[in-house]
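next come a sequence and a model predicted from it.
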Amino acid sequence: MRLRLVFQDQRVEMDPVPSEGEFSGGVGSLLVERAQGVLHVGLGDRAKVSAAGVRQALAAAFLWMRKVGVAVAVLDAGPWGEFVAVMVEGAILGNYRYEAFLPRKTEPVRELVVVVSAEMRSRVRADVERGCAVAESVNQVRELANTPGNLLYPEVLARTARKWAREWGMRCTVLEGERLAREGLGGMLAVGGGSAKGPCMFALEHRGGGRGERPLVLVGKAITFDSGGISIKPAAGMEEMIFDKCGGMAVLGAMVAVARLGLRRNVVGILAAAENMPSGSAYRPGDIVTTYAGVTVEVVNTDAEGRMVLADALGWARKRFDPAMMVDLATLTGACGVALGEHAAGLWSNSSEALAQVQQAALTAGERVWPMPLFEEYSTQIRSSVAQLKNSGGRLGGANTGAAFLKVFAGETPWAHMDIAYTSHRTKEEKGLASGATGFGVRTLVHLAEAL
Ligand code: BES
Ligand code: MN
Ligand code: ZN
């Protein structure tokens, strides 16, 4: 199938068979000309063509082609040669669907031929490499993220991370079982205590920089299923909580991409993996937990488990890796979705420089983030009378009190927190991405690591 990029103001003369409603020429809108084997792909406003738009348009085209069973696509990049990397990215992202357990599977588009002008020849190979490395890493972790809790639990994650680390030349350290107690990871043990599947914390190290260079440390919440624990969640929609590992998946995907790209920088990825379940061995409301950093926490809600494991992960990251900067990603609060909808991840930071760096990286990556406050009052909301902190500040400002909790464990280290609760997955396909995990965050983290 030949792909033709068209703008909103272009008239497409033919027998129109719009795939969905009217063909608008808007970003990602499609018009099929079956007889000619042409797929017109809308790029939107000619004056506003952006990398994000091109990525999304290609993704929409590939998602459609996969569904109807197109094997080979040809695209003349024409004057848009500078966008080859994002074209490849979009194509690969759109070409993914989670079908592991469907009896009738669709075939991915097998081949994409991109035609570029002669003067592009020198850089096109690197662009294609980059697009592949990033998008394939995203899809690898989307597949993990889409895998449900009965099949994917902390030990499986650690095993997968080990395998990928070996494949891409990273060091992988796993803390599990006895070691967690010996090292004092009280938050991990509390949250993981209710599950038959033990928790684990692991680190992947990409050493592309100098020996003395302090690393960028990425930290991800990887709750493989969040039932809420003793403070159990309502039944409706609880199945969505298989996506509570998506922060960790973003970090894992970014580490694979960074290693594949051979970035000349030290980057460490840490995943705090646990399953949050109610049982006779589960932690309970009222418990007082001593975290790795020694900070005591009164548990008022066992469903605020993400911050419990991240407290340990951030504390451990600081002690063990002496980071130049830390960024954590977490499906931390429903409240973040109330504030921003599905349309942006919340972004908090203790440093205006770190904030600006993450904002810039997200912009380049085409992943939307929005700055959120860390007013002192949020910290007051999570004061406890029996411990240093309590793990919930109540309903009001819930996303901000979650961030304020994490801030304590970032200490003096420049740190940013992204709440991806509602950007991490979709219940229906959108913007060229199949339903399920979106892989949100991987691209921002890769751009951040490159830019620093
Ligand atoms: N994993 C949830 C947050 C979440 C909710 C993600 C909905 C995606 C969709 C998190 O562990 C959680 O339960 N947070 C609580 C915090 C509260 C108890 C302070 C919440 O949002 O209600
Ligand atoms: Mn929870
Ligand atoms: Zn959770």
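Perfect, I can see it now. Computed from a prediction, not measured in an experiment: that's the story for all the values here. Ligands and ions are numbered 1, 2, ... in the order given.

strands of the stretch 201-350 of the chain, start to end?
216-226, 266-276, 288-290, 296-298, 325-330, 345-349 (DSSP state E, counting those that start in this stretch).

no, scratch that, I was asking about the stretch 1-150 of the chain
2-6, 17-18, 30-33, 38-42, 72-76, 111-115.

who's in contact with the closest residue to ligand 2 within the stretch 1-150 of the chain?
In the stretch 1-150 of the chain, the residue found nearest to ligand 2 is residue 149; the distance is 13.5 Å by Cβ to the ion. No exception for glycine: its C-beta is placed from N, CA and C like everyone else's. Residues in contact with residue 149 (Cβ atoms under 8 Å, 6 or more residues apart in numbering) are 224, 225, 242, 275.

ok, the nearest residue to it once chain neighbours are set aside to residue 192 distance?
Distances taken as Cβ to Cβ, 6 or more residues apart in numbering put residue 225 closest to residue 149, at 3.4 Å, once the chain neighbours are dropped. To residue 192, residue 225 is 12 Å away according to Cβ to Cβ, to the nearest Å.

now for these two: what residues contact both?
Contacts common to residue 225 and residue 192, judged by Cβ under 8 Å, 6+ apart, are residue 275.

the two: which is more packed in?
residue 192 (32 against 22; other Cβ atoms under 10 Å).

check what pLDDT the closest residue to the more buried one other than its chain neighbours gets.
Excluding the flanking residues, the one nearest residue 192 by Cβ to Cβ, 6+ apart is residue 199, at 2.8 Å. For residue 199, the pLDDT comes out at 98.

kindly report the same for residue 14.
56.

helices and strands of the protein: which one has the lowest mean pLDDT?
strand 17-18 (a mean of 52; mean pLDDT, DSSP states H and E).

in the sheet, who's paired with the residue in the stretch 201-350 of the chain positioned nearest to ligand 3?
Checking the stretch 201-350 of the chain residue by residue against ligand 3 with Cβ to the ion singles out residue 226 as nearest, at 3.7 Å. For residue 226, the beta-bridge partners under DSSP bridges are residue 276.

OK, contacts around it?
Counting by Cβ under 8 Å, 6+ apart, residue 226 has contacts 233, 241, 244, 276, 303, 305, 306.

residue numbers of the protein in contact with ligand 1?
226, 244, 301, 303-306, 331, 333-335, 392, 398, 421 (Cβ under 6 Å from any ligand atom).

are any of those buried, and if so which?
The neighbour-count test (16 or more other Cβ atoms under 10 Å) marks 226, 244, 303-306, 331, 333-335, 392, 398, 421 as buried among the residues of the chain next to ligand 1.

on that earlier part again, restricted to helices, list the residues of the chain next to ligand 1.
306, 334, 335, 398 (DSSP state H).

okay if I get the residues you listed as a markdown table plus distance to ligand 2?
Formatted as a markdown table, these follow (distance: Cβ to the ion, whole Å):
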| residue | distance to ligand 2 |
| --- | --- |
| 306 | 6 |
| 334 | 9 |
| 335 | 12 |
| 398 | 11 |
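
which among the residues you listed gets closest to residue 409?
Nearest to residue 409, judged by Cβ to Cβ, of those is residue 306 at 12.4 Å.

what's the spacing between the nearest residue to residue 61 once chain neighbours are set aside and residue 32?
Computed as Cβ to Cβ, 6+ apart, the closest residue to residue 61 that is not its neighbour in sequence is residue 41, at 4.7 Å. Separation of residue 41 from residue 32 (Cβ to Cβ) stands at 10 Å.

more neighbours: the two, which one.
When residue 41 and residue 32 are compared for neighbours, residue 41 comes out ahead with 25 against 20, by other Cβ under 10 Å.

and that one, bridged to which residues?
Here residue 41, judged by DSSP bridges, has bridge partners residue 5, residue 30.

quick one, what contacts it?
Residue 41 touches 3, 4, 5, 6, 28, 29, 30, 57, 58, 60, 61, counting by Cβ under 8 Å, 6+ apart.

go on, residue 310?
Neighbouring residues of residue 310 by Cβ under 8 Å, 6+ apart: 187, 219, 221, 272, 328, 330, 332, 406, 409.

got a list of what the first one touches?
Read that as residue 187. 289, 291, 292, 297, 308, 309, 310, 311, 312.

I'd guessed the last one sits against residue 185; true?
Yes: the pair formed by residue 312 and residue 185 meets the contact definition of Cβ atoms under 8 Å, at 4.5 Å.

got any residues that touch both of those two?
What both residue 312 and residue 185 touch, as defined by Cβ under 8 Å, 6+ apart, is the set 201, 291, 292.

spell out the secondary structure type for the nearest residue to the first one once chain neighbours are set aside.
If I follow you right, that is residue 201. Leaving aside its sequence neighbours, residue 201 sits nearest to residue 175 (Cβ to Cβ, 6+ apart; 4.5 Å). Three-state assignment for residue 175 (DSSP: H, G, I helix; E, B strand; the rest coil): strand.

how near is residue 175 to residue 292?
For residue 175, the distance to residue 292 - Cβ to Cβ - is 10 Å.

with residue 137 instead?
Counting by Cβ to Cβ, the gap from residue 137 to residue 292 is 29 Å.

which one's more surrounded, those two?
A direct count of neighbours by other Cβ under 10 Å for residue 137 and residue 292 places residue 137 higher, at 27 against 23.

go ahead and confirm that one touches residue 261.
No: if you go by Cβ under 8 Å, residue 137 and residue 261 don't touch, sitting 9.3 Å apart.

give the contact list for residue 168.
206, 256, 259, 260.

what's opposite the closest residue to residue 327 other than its chain neighbours in the beta bridge?
Distances taken as Cβ to Cβ, 6+ apart place residue 416 nearest to residue 327, at 4.8 Å, with adjacent residues excluded. Beta-bridge partners for residue 416, by DSSP bridges, are residue 327, residue 349.

now this protein against ligand 2: closest residue?
Counting by Cβ to the ion, the chain gets nearest ligand 2 through residue 303, at 3.8 Å.

before I go, just wanted to say thanks for your time.
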